[in-house]
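Asker: Below are the sequence and a predicted model; questions follow.
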Amino acid sequence: MSSQSAVLEKPSVIMPERLTEPDGSIIEAFQLPTGVESLKELLTDLFTNHWQEITFGPIIQGAAWEMQAKEAPTHIGVLDGYITIAFGAPHFHICIGQHKGMPKNPVPEALAKHRRTSRAELYRQLDRDGAPISWGIRMFNGKNEQQITILLPNPFLSATSEKVLKKPEWSHLALWDALRARWLGLTEPDPIDRSANRFRHG
């Protein structure tokens, strides 16, 4: 994780919120701070130091973009509230901060609020027995539309593909554990994360 951190806001909630997704699956979400410096640090760390480990893209009803970077970012910067993460020519933008638009064409306040991240969370998806089987990060804009999901290494899946492993590889939870420690202050691994014995949905 990044060793040079600004004085950043602390998350207001440590205990997870249990959510039921439209398909009936259960999510436990740990709220993250949404200040621009916090989100910039989080995304910069993930894409600079862990780009080989993560899968990313919006996952919404009817579409799932599960992209993997082929190299470390060539550029990360924030302009007019938008963070840009570029891999050469391919890149993406997410509005994480104050967004004003051009001086001669300012963005209406309501639209700027719509575009900006209003909710960010570490989450884990549970199986029917309440054991986690998937781990990640999600960000949502001011109207609760998903901006991005970042899937973290999964102990039930191989590191280079989505092949289901015969036995869980718990070392794959290292990034999840590091994120919990950095952003939630939970420095000890959670036994609940290691309670499932096989990968299954629902």
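Answerer: Received it, and whenever you're ready, just let me know what you need.

Asker: Work out for me the element the residue nearest to the spatial centre of the chain sits within.
Answerer: Nearest to the centroid of the C-alpha atoms of the chain, with distances taken as C-alpha atoms, centre = their mean, sits I137, at 2.2 Å. Per DSSP states H and E: I137 is located in strand 132-140.

Asker: Note down every partner strand of that strand and its orientation.
Answerer: Paired with strand 132-140 in the same sheet, following DSSP bridges, are strand 119-126 (antiparallel), strand 146-151 (antiparallel).

Asker: What residues of it count as buried?
Answerer: The neighbour-count check on strand 132-140 (16 or more other C-beta atoms under 10 Å) flags P132, I133, S134, W135, G136, I137, R138, M139, F140 as buried. All C-beta spots, glycine's among them, are computed from the backbone N, C-alpha and C.

Asker: which residues sit against it?
Answerer: Contact with strand 132-140 is made by 28-29, 32, 39, 42, 46, 94, 96, 117-127, 146-154, 156, 173, 176, 179, 192-193, 195-196, 199-201, as judged by C-beta atoms under 8 Å, 6 or more residues apart in numbering.

Asker: who's the residue nearest to the centre of the chain bridged to?
Answerer: Counting by DSSP bridges, I137 forms beta bridges with L122, I150.

Asker: The longest helix seen in the chain packs against which elements?
Answerer: In the chain, assigned by DSSP state H, the helix with the most residues is helix 36-49. If contacts are counted by 3 or more C-beta pairs under 8 Å, 6 or more residues apart in numbering; DSSP states H and E, helix 36-49 sits against strand 75-79, strand 82-86, strand 132-140.

Asker: could you point out which element follows that helix?
Answerer: Once the chain leaves helix 36-49, the next helix or strand it forms, by DSSP H and E, is strand 55-57.

Asker: Skip ahead from that following strand and say which helix or strand is next.
Answerer: Sequence-wise, the next helix or strand downstream of strand 55-57 (DSSP H and E) is strand 59-60.

Asker: And P191, how far from N154?
Answerer: In this view, P191 and N154 are 17 Å apart by C-beta to C-beta, to the nearest Å.

Asker: still on that earlier bit, give the buried residues for the longest helix of the chain.
Answerer: Going by neighbour count (16+ other C-beta under 10 Å), the buried part of helix 36-49 is V36, E37, S38, L39, K40, E41, L42, L43, T44, D45, L46, F47.
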